[in-house]
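> next one to model:
(one chain, ligands or ions: 1)
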Amino acid sequence: MRIDIISIFPEFFGVLDISLLGKARERGLIELGVHDLRDFAHDRHRTVDDTPYGGGAGMVMKPEPWGEAFDEVLGGPGAGAESSVVVFPSPAGERFTQATARELALEPHLVFGCGRYEGIDQRVIEHTKTRPGVRVREISLGDYVLNGGEVAVMAMIEAIGRLVPGVVGNPASLTEESHEDGLLEYPSYTKPASWRELQVPPVLLSGNHGAIAAWRHDQQVERTRRVRPDLLPD
Ligand SMILES: CN1CCN(Cc2ccc(Cn3ccc4ccc(-c5n[nH]c(N)c5C#N)cc43)cc2)CC1
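So this is what the prediction gives:
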């Protein structure tokens, strides 16, 4: 998989050189390209924003730099991919879920367009939809307003990257996570068996794998009913 990110804060993504994704990149499982949107703004001040037509507070990101950035990124190394998905993080987007992460982890080329200010000129989204071999998705991290798309893209890349085949050592650990089976995860315990008068549930020490599996599922259902009843089927 290749991931390209376009942002006015490219340094924000330096942390992707370490941890799980850093190792995935070293092993060639994920290629990453980070692009400074201001490199595609050619006036003296490398301007990327302007006042909104129709009035209103704040500034809107100009279309021209975005158009040139996508010309390069979608015509560049990622162009080798049979298709690209361009993700615009947005508070007005579809909700990002584990299912979204699973879908995007199967794509050969992802491009994240990180907006700032009050958002990106809508014509950028519309024009990107006309590019051959490109699908566009506007995706929201959650129901709150951030100052830009970078934090959302970091979270999305982490959720997607760990699902790319070969990135996580033990794939079995990916199936027993919250939201993988529509339920929240069961509680976990490790040694010591007794800690500050608190005991590990005896069933987990029983060696009875059937009973352990049943207890864990019951814990998932109880936790989901208590914390996220919206996830339970009607
Ligand atoms: C006409 N007015 C109507 C009200 N809007 C409100 C508003 C205000 C700030 C911002 C800031 N911002 C800019 C780019 C950008 C991308 C993602 C996110 C984002 N926020 N929350 C998520 N889950 C996000 C994700 N993913 C925020 C972003 C966007 C919109 C402005 C325009």
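> quick one, strands of the protein?
2-7, 31-36, 49-50, 60-61, 84-95, 109-113, 134-140, 194-195, 198-199 (DSSP state E).
> nearest to the ligand, of those strands?
Proximity to the ligand (Cβ to the nearest ligand atom) singles out strand 84-95 among the strands of the chain, at 3.2 Å. Every residue, glycine included, has its C-beta placed from N, CA and C.
> for the closest one, which strands pair with it and how are they oriented?
Looking at strand 84-95 with DSSP bridges, its partner strands are strand 109-113 (parallel), strand 134-140 (parallel).
> most distant residue from the middle of this structure?
The centre of the chain is farthest from one residue, residue 197, which by Cα atoms, centre = their mean lies 39.9 Å away.
> ok, back up a step: most tightly packed of the strands paired with strand 84-95?
Comparing the strands paired with strand 84-95 by mean neighbour count (mean count of other Cβ atoms under 10 Å), strand 109-113 comes out on top with a mean of 25.
> contacts for that strand?
For strand 109-113, the external contacting residues (Cβ atoms under 8 Å, 6 or more residues apart in numbering) are 1-6, 66, 69-70, 73-74, 78, 81, 83-89, 104, 120, 124, 128, 149, 153, 156-157, 160.
> show me the contacts for the residue farthest from the centre of the chain.
Contact analysis of residue 197 by Cβ under 8 Å, 6+ apart lists nothing.
> return the backbone torsion pair for it.
Dihedral pair for residue 197: phi 70, psi 10, per degrees, to the nearest 10.
> ok, it to the ligand distance?
The spacing between residue 197 and the ligand, counted by Cβ to the nearest ligand atom, to the nearest Å, is 42 Å.
> residue 39 now?
In this view, residue 39 and the ligand are 19 Å apart by Cβ to the nearest ligand atom.
> likewise for residue 130?
Residue 130 is 22 Å from the ligand, where distance means Cβ to the nearest ligand atom.
> state the pLDDT value of that residue.
Residue 130 carries a pLDDT value of 97.
> show me what the worst-scoring helix or strand of the chain on mean pLDDT is packed up against.
Ranked by mean pLDDT, DSSP states H and E, the weakest helix or strand in the chain is helix 172-175, scoring a mean of 69. Packing partners of helix 172-175 (3 or more Cβ pairs under 8 Å, 6 or more residues apart in numbering; DSSP states H and E): none among the helices and strands.
> return the distance of it from the chain's centre.
Counting by Cα atoms, centre = their mean, to the nearest Å, helix 172-175 is centred 18 Å from the centre of its parent chain.
> buried stuff in it?
By neighbour count with 16 or more other Cβ atoms under 10 Å, helix 172-175 contains no buried residues.
> try stretch 107-126
By 16+ other Cβ under 10 Å, the buried positions in stretch 107-126 come out as 107, 109-117, 119-121, 124-125.
> how about JSON lines for the strands of the chain, with mean pLDDT added?
Shown next, in JSON lines, are the strands of the chain (pLDDT from 0 to 100):
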{"stretch": "strand 2-7", "mean pLDDT": "97"}
{"stretch": "strand 31-36", "mean pLDDT": "96"}
{"stretch": "strand 49-50", "mean pLDDT": "98"}
{"stretch": "strand 60-61", "mean pLDDT": "98"}
{"stretch": "strand 84-95", "mean pLDDT": "98"}
{"stretch": "strand 109-113", "mean pLDDT": "98"}
{"stretch": "strand 134-140", "mean pLDDT": "98"}
{"stretch": "strand 194-195", "mean pLDDT": "98"}
{"stretch": "strand 198-199", "mean pLDDT": "98"}
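> sounds good, over and out.
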